[in-house]
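**Q** sequence unknown, structure follows:
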Ligand code: G1P
Ligand code: ZN
């Protein structure tokens, strides 16, 4: 017998979801009524009666327990059906795909993305809409408002659902479909890419290393790359998702995926290397002896996407976040397609994808994706690279060299200054914003400022305006820097300094990025007075 309980509760401070949902330390989520209050607030806002949802997460600590709670609450709130990944596992892009494929009413994704997992680390819950993309701000604001007034939640009194077993079960009248988390996603990838060509490349001796960082992409990468595409067994390392990600920080960048970088720059390096993050939406790609910056990756993918069957008709447009380098814009110009510059955060791409204005999108923060889902997609990017490599039959280094020779090179780097006292970071940004009007024409460290502004974006689809999305300072030689504060950090403020300098080909294309950017770095520190306000002269993370 099952009973629905109405549990009395009260608002809990700080349940404010950001653009990536609600992210908190795991013990906070495990606290009394905490998860339940937020989940009830989701259902109160989107409505659950008679609806179908997708449920899954990146497998981090508490993922399995949270899934059982969410299932019982969905049933208690009258949902008709929940499609849940076996073991409560779904990568974020796979969840986005299942939401769309099954024409559901949305989905709940349990993840804190690339943040470490474990009993003392991070957990997160976010709601995605029927289009497969993250809930827009109006919806998350409504959820937040609901958490502030909640007085009860509904819970079915029932045994755990056996999420280890595939198939259909009933939970208090609600249908629970436990599905293979990989199958539909792998089929989607197979529909987009030339698996035959990639298989032939592997059969010809092509070697690859994929670091899944003990996070969710392991089973996806093993099935797609090793089982279906014939990559050698052991191509995927750290391929078993662990509740604490094996102690790894599953953020695919040269700092956190150092073992992969070392291997790709070592003797006997494989042909291609890749890593993805906790929930599988981010990616880093590396060639033998050459790192591909995410901005360059986006540009190369846009220039070559037509080589993959799913994109052979060409692209409708390319979108990038403002701090991402302009390399993709040059490709769009050459292709005669639209180029869009949006604020930081994947949600801004959703409207462009839904409206058919853009096909491929990317951010400098290791996020790349297309209109096949409404999230960035790490494995998708890796597979598109493989498809391109299989068709062009050239090493990554040669593909980059040809790309730069044709389009010029946008030297690019991001410097992060982490855990700064929030008041100091705010004071620095305020002073910088106050100085913008007088900057034009100034020469700082030999660099002449040609313009400066605070990026504002008007969405071309719905006309909504987003102000203060980052300070941009442009120089007469075409270089620029951007400064903004992170919206996802959990400790103090994180200052992100984005640096870019364009070199037209064919000369000056093989400099070290940090050396090429040295004058821009000096000018940025001079103009923003970073050391004076924050006491920091060196960044904590350089990508
Ligand atoms: C960071 C990245 C941003 C990305 C977001 C979510 O946000 O910079 O590009 O969309 O994580 O993955 P930030 O901390 O800079 O606000
Ligand atoms: Zn992620």
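**A** Yes, it's here. Everything numeric in this text was worked out from a predicted model, so none of it was measured. Ligands and ions are numbered 1, 2, ... in the order given.
**Q** look up how far residue 201 lies from the nearest residue to residue 248 once chain neighbours are set aside.
**A** Nearest non-adjacent residue to residue 248, counting by CB to CB, 6 or more residues apart in numbering: residue 213, 4.9 Å away. C-betas here are computed from N, CA, C, even on glycine. To residue 201, residue 213 is 24 Å away according to CB to CB, to the nearest Å.
**Q** same check, this time on residue 443
**A** 51 Å.
**Q** who has more neighbours, the two?
**A** residue 201 (23 against 11; other CB atoms under 10 Å).
**Q** which secondary structure element is home to the more buried one?
**A** helix 195-203 (DSSP states H and E).
**Q** so residue 296 sits against residue 407, correct?
**A** No - Residue 296 is not in contact with residue 407 according to CB atoms under 8 Å; the separation is 9.9 Å.
**Q** need the overlap of contacts for the two.
**A** Common neighbours of residue 296 and residue 407, using CB atoms under 8 Å, 6 or more residues apart in numbering, are residue 327.
**Q** now for the helix or strand following the helix holding residue 201, which elements pack on it?
**A** Counting by DSSP H and E, the element after helix 195-203 in chain order, helix or strand, is strand 208-211. Contacts defined by 3 or more CB pairs under 8 Å, 6 or more residues apart in numbering; DSSP states H and E place strand 208-211 against strand 236-237, helix 258-265, strand 272-276.
**Q** what's the most buried one of those?
**A** strand 272-276 (a mean of 29; mean count of other CB atoms under 10 Å).
**Q** Provide the strand pairings for the helix or strand following it, with the direction of each partner.
**A** Later in the chain than strand 272-276, the nearest helix or strand by DSSP H and E is strand 283-287. Note on strand 283-287: by DSSP bridges, its sheet partners are strand 272-276 (antiparallel), strand 290-291 (antiparallel).
**Q** so which of those is nearest ligand 2?
**A** The minimum distance between ligand 2 and these falls on strand 272-276, with 8.3 Å, by CB to the ion.
**Q** okay, now residue 292: neighbour count?
**A** Neighbours of residue 292 (other CB under 10 Å): 24.
**Q** before we move on, what about residue 506?
**A** Residue 506 has 12 nearby residues by other CB under 10 Å.
**Q** just checking, residue 497 is part of a strand?
**A** Yes - the assignment for residue 497 (DSSP: H, G, I helix; E, B strand; the rest coil) places it in a strand.
**Q** need the contact list for it.
**A** 414, 415, 416, 417, 481, 482, 483, 521, 524, 528, 530, 539.
**Q** from ligand 1, how far off is the first one?
**A** Per CB to the nearest ligand atom, to the nearest Å, residue 414 is found 8 Å from ligand 1.
**Q** that residue pairs with what?
**A** Under the criterion used here (DSSP bridges), residue 414 is bridged to residue 498.
**Q** for it, give me its contacts.
**A** Taking CB under 8 Å, 6+ apart, we find residue 414 in contact with 323, 364, 365, 496, 497, 498, 499, 542, 543.
**Q** excluding chain neighbours, what is closest to residue 18?
**A** With CB to CB, 6+ apart, the residue lying closest to residue 18 is residue 487, at 6.2 Å.
**Q** neighbours of that neighbour, how many?
**A** When neighbours are defined as other CB under 10 Å, residue 487 has 12 of them.
**Q** ok, it touching residue 347?
**A** No - counting by CB under 8 Å, residue 487 sits too far from residue 347 to count as a contact (11.3 Å).
**Q** secondary structure element for residue 231?
**A** Assigning secondary structure by DSSP H and E places residue 231 outside every helix and strand.
**Q** wait, doesn't it sit right on residue 225?
**A** Yes - shown here, residue 231 and residue 225 form a contact pair, counting by CB under 8 Å, at 4.4 Å.
**Q** between the helices and strands packed on strand 208-211, which one is nearest to ligand 1?
**A** Ligand 1 sits nearest to strand 272-276 of all these, at 12.6 Å, using CB to the nearest ligand atom.
**Q** average pLDDT across the closest one?
**A** Strand 272-276 comes out with an average pLDDT of 98.
**Q** that one and ligand 1, are they touching?
**A** No - Strand 272-276 does not reach ligand 1 (CB under 6 Å from any ligand atom); its nearest approach is 12.6 Å.
**Q** does that strand reach ligand 2?
**A** No - figure legend: strand 272-276 not in contact with ligand 2 (CB under 5 Å from the ion); closest approach 8.3 Å.
**Q** that strand to helix 195-203, inter-axis angle?
**A** 120 degrees (axes from the mean of the first three to the mean of the last three CA atoms, to 10 degrees).
**Q** off-centre distance for strand 272-276?
**A** 15 Å (CA atoms, centre = their mean, to the nearest Å).
**Q** outside of that strand, which residues touch it?
**A** Contacts for strand 272-276 (CB under 8 Å, 6+ apart): 206-213, 215, 217, 221, 250, 252, 257, 260, 263-264, 282-288, 378-379, 382, 385-386, 389, 396.
**Q** could you pick out which of these are near ligand 2?
**A** residue 282.
**Q** for residue 354, give me its contacts.
**A** Residues counted as contacts of residue 354 (CB under 8 Å, 6+ apart) are 131, 374, 461.
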